[in-house]
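[1] I'll drop the sequence and a predicted model, then ask my questions.
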Amino acid sequence: RSDAVCHAADQDWLDGCGQLRRVSTRSVYRWLNAWNEAGAEGLEPRSRQRTETSEVLPKALLEFITLEHGRDPMASIPEILRRARQSGVIAPDAPIVRSSVWRATKRMGLDFRRRKKSRGRDARRFRLPHRMQLILSDGKHYRAGAGRLKRVVLFFLDNATRYGLNAVVGTSESTVLFLRGLHGVVRRHGLMDIVYLDHGPGFIALDTIDVVKKLNALLIHGESKYPAAHGAVERLNQTAKAQLLRNWDGNPAIDPACEALELRAKHFLREVYNHTPHEGLDGETPHMRWQRDPRALRFPKDVEDLASRFLVEDTRRVSADHVISVDGVAYEVPLGLAGSRIRFWRHAIEGHLYVLHEERSVRIHPVNLVANATSGRAVGRTDVPTTSPAPVPSAADLAYQRDFGSVTGPDGGFTDEESPA
């Protein structure tokens, strides 16, 4: 018998739903005993009497719970049980199992689940009427390649037309990555009126604030922990995850280099997403809505004008050996500026530094210690100009000129005229 039970437990059996399953030896023994006692009827499930409330909890307690939940929906089950003991509904030492109360409230249709606290915000959907009035940007983190390397793609989206403007890929959500993507948007599609971002590290940086200000655009940071405020770009992230990024994790056919991934992301955005019918556009594609918009695009005057908008101004004090420190790197400045505080400009994307010297913009470089060790030095002082202005007369000089100016010559001696009495 024991061998037969073990053999039955090792087999796969079809249940009533047609699914293969295995049972334990304990279950087989239990079924065998039930067969010996009552035959086939012993294997039938036992009928259970269903109740709408509870068979073990007092009726008065159930009525009290219903009443208190209606008066105070935020009160928890332990709190209501404490109130019941204080009110005399149940004895102070009555053994009430909270799980039994929970099951009873579920059967009674009372919802004791915790509710998210409402912030009372005036949340309404919006969309501006024309293109480039408002752009949104957000990052999507993922892994790519056989090495499962961490990457992030930043998408730029137009609010009015849902048109994908740009996509850039990097290893982290940095300021340089965002500004590089913003530079591509301005170069390809023109200037915008408003930039709407969340509180990512690259979005709240001072460089981002300065550059958006130079673009004459308004920068808005959405409410923290409220992704629905920029739901359009969040929906784009979900679409990209489902259609583009889903097979990149651990795939040896995917090159994990940021340049290769960025090319794939831009191709998806411009050739696939922008030409796919959008439910929010009444079945039109973002490309069709973008092309039909009557609002003219605005571009910077030229390449130099665009580059100047991505220059961030700062100040530093020059050391005695003509060096300023920026982000822990020592840069050498032109001679004659030692000890003074100078203004310099840093390109927010490329990182190049420029100073104004003799009315010209000069790019400065990190100090080359090896070259300075072998190069010659200027003779004499370099901070004294070759031509000095005439000194301002002192009070004693003015008194001398008043009393003897008419009888003394340029060399300080007396002239041939009669000396004063």
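    Structure received.

[2] Contacts made by stretch 203-223 with the rest, please.
    Outside stretch 203-223, the residues within contact range by C-beta atoms under 8 Å, 6 or more residues apart in numbering are 121, 137, 175, 178-179, 182, 186, 191-199, 202, 229-230, 308-313, 348. All C-beta atoms are positioned from the backbone trio N, CA, C, and that covers glycine.

[3] Please repeat the previous calculation with a cut-off of 6 Å.
    With contact meaning C-beta atoms under 6 Å, 6 or more residues apart in numbering, stretch 203-223 is reached by 175, 179, 191-192, 194-199, 229-230, 309-310, 312, 348.

[4] Also stretch 41-48?
    Against stretch 41-48 from outside (C-beta under 6 Å, 6+ apart): Ala34, Trp35.

[5] got it, and stretch 293-313?
    With contact meaning C-beta under 6 Å, 6+ apart, stretch 293-313 is reached by 130-131, 190-191, 207, 210-211, 214-215, 345-349.

[6] Can you point out the buried residues in stretch 197-213?
    For stretch 197-213, the neighbour count (16 or more other C-beta atoms under 10 Å) marks Leu197, Asp198, Gly200, Gly202, Phe203, Ala205, Asp207, Thr208, Asp210, Val211, Val212 as buried.

[7] What does the fifth one show for phi and psi?
    Backbone torsions of Phe203, given as degrees, to the nearest 10, read phi -90, psi -30.

[8] Give me the pLDDT for it.
    You'll see Phe203 listed with a pLDDT of 91.

[9] ok, it to Glu173 distance?
    Remark: distance between Phe203 and Glu173 (C-beta to C-beta, to the nearest Å) = 8 Å.

[10] that older thread, and which of the contacts of stretch 203-223 is nearest to Val97?
    Ala229 (44.0 Å; C-beta to C-beta).

[11] any idea whether the closest one is helix, strand or coil?
    At Ala229 the chain is in helix, as set by DSSP: H, G, I helix; E, B strand; the rest coil.

[12] In space, what's closest to it - neighbours in sequence excluded?
    Gly222 (4.1 Å; C-beta to C-beta, 6 or more residues apart in numbering).

[13] what number of residues lie near the one you found?
    Neighbour count of Gly222, defined by other C-beta atoms under 10 Å: 17.

[14] centre of the chain versus stretch 130-137, how much separation?
    18 Å (C-alpha atoms, centre = their mean, to the nearest Å).

[15] Break the protein into its domains for me.
    For the chain, automatic domain parsing gives the domain ranges 2-43, 59-108, 134-292, 310-373.

[16] Check pLDDT for the contacts of stretch 203-223 and point me to the minimum.
    Ala229 (71).

[17] Against Leu182, how distant is the residue nearest to Pro227 when sequence neighbours are not counted?
    Leaving aside its chain neighbours, Pro227 sits nearest to Glu234 (5.2 Å; criterion: C-beta to C-beta, 6+ apart). Glu234 sits 19 Å away from Leu182 when distances are taken as C-beta to C-beta.

[18] Kindly report the same for Ser361.
    Distance from Ser361 to Leu182, by C-beta to C-beta: 23 Å.

[19] Same check on Asp72?
    Counting by C-beta to C-beta - Asp72 and Leu182 are separated by 51 Å.

[20] Who has more neighbours out of the two?
    Leu182 (28 against 12).

[21] name the element that one belongs to?
    helix 175-189 (DSSP states H and E).

[22] partners of the helix or strand following that helix, with directions?
    Proceeding C-terminally, helix 175-189 gives way to strand 194-197 as the next helix or strand, assigned by DSSP H and E. Here strand 194-197 is paired, per DSSP bridges, with strand 134-144 (parallel), strand 218-221 (parallel).

[23] Buried deepest among these, which one?
    strand 134-144 (a mean of 22; mean count of other C-beta atoms under 10 Å).

[24] before we move on, back to that, out of the contacts of stretch 203-223, grab the one that's most surrounded.
    Met192 (26 neighbours).

[25] Could the C-alpha coordinates of the helix or strand Leu398 falls within be exported in CSV?
    Element membership of Leu398, judged by DSSP H and E, is helix 395-404. Provided in CSV are the C-alpha atoms of helix 395-404 (Å, rounded to 0.1, in the frame of the first residue of the first chain):
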residue,chain,number,x,y,z
ALA,A,395,48.5,119.8,-2.1
ALA,A,396,52.2,120.9,-1.6
ASP,A,397,52.7,120.9,-5.4
LEU,A,398,49.6,123.1,-5.8
ALA,A,399,50.8,125.5,-3.1
TYR,A,400,54.3,125.8,-4.7
GLN,A,401,52.8,126.5,-8.1
ARG,A,402,50.6,129.2,-6.6
ASP,A,403,53.5,131.0,-4.9
PHE,A,404,56.4,130.4,-7.3
